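Undergrad: Sequence and predicted structure below; questions after.
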Amino acid sequence: MSAYRQILYHLVFRTKDSERTINKEHSTDLYKYIWGIIKNKKCVLFRINGMEDHIHILSDLHPSVALADYIREIKVSSSKWIKESGLFPGFRGWGIKYCALTYSYKERDTIINYIKNQQEHHKQESFQEEIKRLFREQGIDSDENRFWIDS
């Protein structure tokens, strides 16, 4: 049975306590590892990037995969890999919550470019300001205690 899908998710999650433990010199290795997880779930990665304290992912979601399971697999597997690799000293894990926003395929290139330019973007805006703005743009109440989804 085949299915047509257009389910684009912009995922954002941060390190535990927003600690700056994802060092730039090894972040590409981490992103490649996460890409492997995404491929194993039959999903497609369009872009991944981040900062020392958080990661952005733009991917589709295969119809056979539940969003919560997808996020859990990415976070649990990558956390284990990070700790075993020794490339990210001080990493204690991912934060409990995550953000998952849906976008149309018409917006794909805009979101890809946004994720691609994280380092430049964060010269102007903090992570907290970024999250509040993303939710405001989606029409979601910006009460900080309500816009993070438990994982």
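TA: Sure thing, it's come through.

Undergrad: so how far is residue 134 from residue 77?
TA: 25 Å (C-beta to C-beta, to the nearest Å). To be clear about C-beta, it is placed using only N, CA and C from the backbone, and glycine gets the same treatment.

Undergrad: and the two? which has more neighbours close in?
TA: residue 134 (18 against 15; other C-beta atoms under 10 Å).

Undergrad: isn't the more buried one right up against residue 100?
TA: No: judged on C-beta atoms under 8 Å, residue 134 makes no contact with residue 100 at a distance of 11.0 Å.

Undergrad: any residues in contact with both of the two?
TA: residue 10 (C-beta atoms under 8 Å, 6 or more residues apart in numbering).

Undergrad: Show me what the top helix by length along the chain is packed against.
TA: The longest helix of the chain (DSSP state H) is helix 67-85. Under the contact criterion of 3 or more C-beta pairs under 8 Å, 6 or more residues apart in numbering; DSSP states H and E, helix 67-85 touches strand 8-14, helix 24-40, strand 97-103.

Undergrad: Direction included, what does the last one pair up with?
TA: Read that as strand 97-103. Strand pairing for strand 97-103, determined by DSSP bridges: strand 8-14 (antiparallel), strand 149-150 (antiparallel).

Undergrad: in it, what counts as buried?
TA: By neighbour count on 16 or more other C-beta atoms under 10 Å, the buried set for strand 97-103 is 98-101, 103.

Undergrad: rewinding a little: go through the strands paired with strand 97-103 and pick out the most buried.
TA: strand 8-14 (a mean of 21; mean count of other C-beta atoms under 10 Å).

Undergrad: on that earlier part again, quick one, which of the helices and strands packed on helix 67-85 is nearest to residue 116?
TA: Closest of the helices and strands packed on helix 67-85 to residue 116 is helix 24-40, at 11.8 Å (criterion: C-beta to C-beta).
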